[in-house]
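Student: next one to model:
(chains A and B)
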Amino acid sequence: MKRMSAEHQNSINKSKEKIAKPVLLAVLIAFFALFPLFVRSPYYLHILSLTFIYTVAAVSLRTITISGQFPLAHGAFMGIGAYLSALMAKFWGWLPLLCIPLSALATAVIGMLVGFLFSRLRSLHYAVGSLFFGIGVIYIIYAFPCTGGYTGMMGIPRLFQTADKMTYYYFFLVLALISIVALYRFEFSHIGTILKAIAQSHLVASSVGINEAWYRILVNGVGCFFVGLIGAGYAHYNMAMSPTAFNFMATLWLCMYVLIGGINSFAGPIIGTFFLFLLPEFVRDLQEYSPYFSALLLLIVIFFMPRGLVSLPALLKSYFLKRGEGERISNVSGS
Amino acid sequence: MLKVKNITVRYGKSVALDNVSLSVEENSVVSIVGANGAGKSTILKAVSGLIPLDSGEIWFQDQRIDGSSTVDIAKLGIVQIPEGRWLFPHLSVLANLQLGASLRKNKKEIEDDIQKMFRLFPRLKERCNQKAGTLSGGEQQMVAIARGLMARPKLLLMDEPSLGLAPVIVRQLGEIIKDINKRGVSVLLVEQNVPLAMEVASKGYALQTGKVILEGEIEKIKSSKVIKSAYLGG
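Tutor: Residues are numbered from 1 along each chain as shown, chains lettered A, B, ... in the order given. Here you go, the predicted model:
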């Protein structure tokens, strides 16, 4: 009897979860959609726009990792998208709205080429290989005078005629939503299952006839498409940029967003990016220490929440449930 | 349909297989028995292209396959069910089965075959949304076999399927292998469980330190002194 009721409870909880998730999502989206109507401060709109941009970068980085490879060049790919789009718009006079998808496609192609070159490398070798590719990209940007080299590139055509932050806020909100939904559907498609299978064992995967190399190249293309897309958007928003925005440090920050949020969950990088982007806003005085802060945070998260911030609700729940049970037991023994 | 001709395989300096030849005929079950380290699994790995040969040739249906990639060999219809039930442990049973059909295109046929597997292994239907890694040993072995069959292989390579299974499940396994064979799939079975290997096969090979010491009809193998004294307790 007891077991029956427990199962029943379980199914109720499950159906509760089924309703709770879409409701939570709808509330969050509504919140960000209505936010500019209440908070008109351009500063906060700017910070949130950047958060949307880096969320897409972090989510697309995690998409590549579901195939079991850990790329350390994602910041550089963001730079490839940004510089390609900026150069096209500035020197060929093309419309930024056209340059952004074009450079996203170009970034995807470059990502697949790199994936092809590195398709024999796995785990650590792949990480180190991509790391050096990322460093190489920065030197290539330095080498061409048209990019502005060390001093950075100025006068990148603006995305829209207006400088109004709200317009850009909505642009990046919509772009981020579309990208995240696309990456979500990709991960939970049949191809996503194949990628997870490859991550679990590339030998078993190839023994059932999965062309492992091709899928790893493909996921590189998908991840790089979205980071190129958002990088290009960033270029036409900022209108000026230097290669340091896309160097190894930038890649490390992206990794940090993914790891602190939780690499095993789709929501992980989203939570991680928002947390690390918005936290400094609350402790403005400590901003110059933010790298140390984040490193400390990563240590804390790894120690107490190895699955990342995503697992916090579940951890708290089990903690309080245990405590509740403990109290009940002590009550019983007391009476 | 499968002919292995005088193959030699080395791991570094040590010789794993020394001039081994064997053949599997159309629609038959062939067993390879032998102690640990005799090179049984190495034969299967060589056939499915997971390790390179030092010398010798492997032919499948009049086509030379040594030197081909694992994926290309799988495309020809040779599917290996690896030792230790190598599944995708974090994917559902259903996903594991679907991935077994990675080389097939016809979605309806794949769906039909999944239903067929559920009829063959009713346990898997109950557990279809559970992660494969959370199943019991016997159930995982069923997933591994079903996943192998999902590829509609012509030749199934089974590496120690009885490993770690309870005796009653091993008996079922024998029935399943016979059943698979009745459906027109040839099986090359590597087994330490000699009674099982003898029960299902029509032909057998005995391996010792990388060499074939005995081969022929299963009755001949069964009655041979070596096998009797070493494995069958007689």
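
Student: report the contact partners of residue 91.
Tutor: By default, I'm working from chain A. Neighbouring residues of A:Phe91 by CB atoms under 8 Å, 6 or more residues apart in numbering or on different chains: A:Cys146. Every residue, glycine included, has its C-beta placed from N, CA and C.

Student: let me rephrase: I mean chain B.
Tutor: B:Leu91 makes contact with A:Thr193, A:Lys196, A:Ala197, A:Gln200, B:Leu99, B:Lys131, B:Ala132, according to CB under 8 Å, 6+ apart.

Student: would you mind checking the residues you listed for buried ones?
Tutor: Buried members of the contacts of B:Leu91, scored by 16 or more other CB atoms under 10 Å in any protein chain shown, are A:Thr193, A:Lys196, A:Ala197, A:Gln200, B:Leu99, B:Lys131, B:Ala132.

Student: those residues in helices, which ones?
Tutor: Under the assignment DSSP state H, the buried ones among the contacts of B:Leu91 contribute A:Thr193, A:Lys196, A:Ala197, A:Gln200, B:Leu99 to helices.

Student: switch those residues over to JSON lines; also include pLDDT and distance to A:Thr167.
Tutor: Below are those laid out as JSON lines (pLDDT from 0 to 100; distance: CB to CB, whole Å):
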{"residue": "A:Thr193", "pLDDT": "94", "distance to A:Thr167": "39"}
{"residue": "A:Lys196", "pLDDT": "94", "distance to A:Thr167": "39"}
{"residue": "A:Ala197", "pLDDT": "93", "distance to A:Thr167": "43"}
{"residue": "A:Gln200", "pLDDT": "89", "distance to A:Thr167": "45"}
{"residue": "B:Leu99", "pLDDT": "91", "distance to A:Thr167": "46"}
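
Student: out of the residues you listed, which is nearest to B:Val29?
Tutor: Closest to B:Val29 out of these is B:Leu99 (25.6 Å), distances taken as CB to CB.

Student: hang on, the closest one packs against A:Ile194?
Tutor: Yes: contact criterion CB atoms under 8 Å: B:Leu99 and A:Ile194 qualify, at 6.6 Å.

Student: before we move on, back to that, how about a markdown table for the contacts of B:Leu91, with distance to B:Glu26 added?
Tutor: Shown next, in a markdown table, are those (distance: CB to CB, whole Å):
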| residue | distance to B:Glu26 |
| --- | --- |
| A:Thr193 | 34 |
| A:Lys196 | 37 |
| A:Ala197 | 32 |
| A:Gln200 | 34 |
| B:Leu99 | 28 |
| B:Lys131 | 38 |
| B:Ala132 | 32 |
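
Student: now the two most distant members of those.
Tutor: The widest separation within the contacts of B:Leu91 (CB to CB) is 13.7 Å, between B:Leu99 and B:Lys131.

Student: okay, and the common contacts of B:Leu99 and A:Ile194?
Tutor: In contact with both B:Leu99 and A:Ile194: A:Ala205, A:Ile210, using CB under 8 Å, 6+ apart.

Student: so what would you say the end-to-end distance of stretch B:155-165 is?
Tutor: Chord length of stretch B:155-165, first to last residue, is 23 Å (CA to CA, to the nearest Å).

Student: near chain A at all, that stretch?
Tutor: No: between stretch B:155-165 and chain A, judged by CB under 8 Å from any CB of the partner chain, nothing touches; the nearest distance is 9.3 Å.

Student: low-confidence ranges in the chain?
Tutor: This is for chain A. Chain A contains residues with pLDDT under 70 at A:1-17, A:284, A:286-287, A:324-335.

Student: hmm, I had chain B in mind actually
Tutor: Residues of chain B meeting the criterion pLDDT under 70: B:84-85, B:231-234.

Student: give me the neighbour count for the residue of the stretch 151-300 of chain A found nearest chain B.
Tutor: Closest residue of the stretch 151-300 of chain A to chain B, CB to the nearest CB: A:Gly209 (3.8 Å). For A:Gly209, the neighbour count with other CB atoms under 10 Å in any protein chain shown is 20.

Student: look at it and give its secondary structure.
Tutor: coil (DSSP: H, G, I helix; E, B strand; the rest coil).
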